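Enquirer: below are the sequence and a predicted model; questions follow.
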Amino acid sequence: MQAVLYSKDNCQECERAKMFFESQNISYLEYKYGKDFDRRAFVGEFGEEANFPQIAIDYEHVGSLKETLHFFKEKGLI
């Protein structure tokens, strides 16, 4: 299982997402706001209402940390 994390600095939910992936031994690729993408690219990909972090699992966009935890629970992985 591979995760992709779109994060930004000083984001508690982003840090929680990283801790969750590490606790579950899930490898993840992190893209940082301001370094790897800008606001326009973020809105273009996820929409105006999206917040940080945004997460994809195995190339499928799942959403925020809350949505990701729900995804893992529904799959019986946590």
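Expert: Alright, I've got the coordinates.

Enquirer: what's whichever helix in the chain runs longest in contact with?
Expert: Using DSSP state H to define each element, the chain has its longest helix at helix 12-23. Contact partners of helix 12-23, identified using Cβ atoms under 8 Å, 6 or more residues apart in numbering, comprise 3, 5, 7-8, 26-28, 30, 51-53, 55, 64-65, 68-69. Placement of C-beta: from N, CA and C, glycine included.

Enquirer: which pair in the residues you listed has the greatest spatial separation?
Expert: Using Cβ to Cβ, the pair of the contacts of helix 12-23 lying farthest apart is S27 and N51, separated by 23.8 Å.

Enquirer: compare neighbour counts for these two and give me the winner.
Expert: N51 (13 against 9; other Cβ atoms under 10 Å).

Enquirer: phi, psi of that one?
Expert: When read as degrees, to the nearest 10, the backbone of N51 gives phi -120, psi 180.

Enquirer: buried residues in the longest helix of the chain, which are they?
Expert: 14, 17-18, 20-21 (16 or more other Cβ atoms under 10 Å).

Enquirer: any chance of those in CSV, plus pLDDT?
Expert: Output for these, formatted as CSV (pLDDT from 0 to 100):
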residue, pLDDT
C14, 98
A17, 98
K18, 98
F20, 97
F21, 97
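
Enquirer: just curious, which of those is nearest to Y59?
Expert: Distances from Y59 to the buried residues of helix 12-23, taken by Cβ to Cβ, are shortest for F21, at 15.8 Å.

Enquirer: secondary structure element for the residue located most distally from the centre of the chain?
Expert: The C-alpha centroid of the chain is most remote from G76, which lies 19.1 Å away (Cα atoms, centre = their mean). If you go by DSSP states H and E, G76 is not part of any helix or strand.

Enquirer: which SSE is immediately downstream of the longest helix of the chain?
Expert: Next element after helix 12-23 (DSSP H and E): strand 27-32.

Enquirer: just how off-centre is that next one within its chain?
Expert: Strand 27-32 sits 8 Å away from the centroid of its parent chain (Cα atoms, centre = their mean, to the nearest Å).

Enquirer: now for that strand, which elements pack on it?
Expert: Judged by 3 or more Cβ pairs under 8 Å, 6 or more residues apart in numbering; DSSP states H and E, strand 27-32 is in contact with strand 2-7, helix 12-23.
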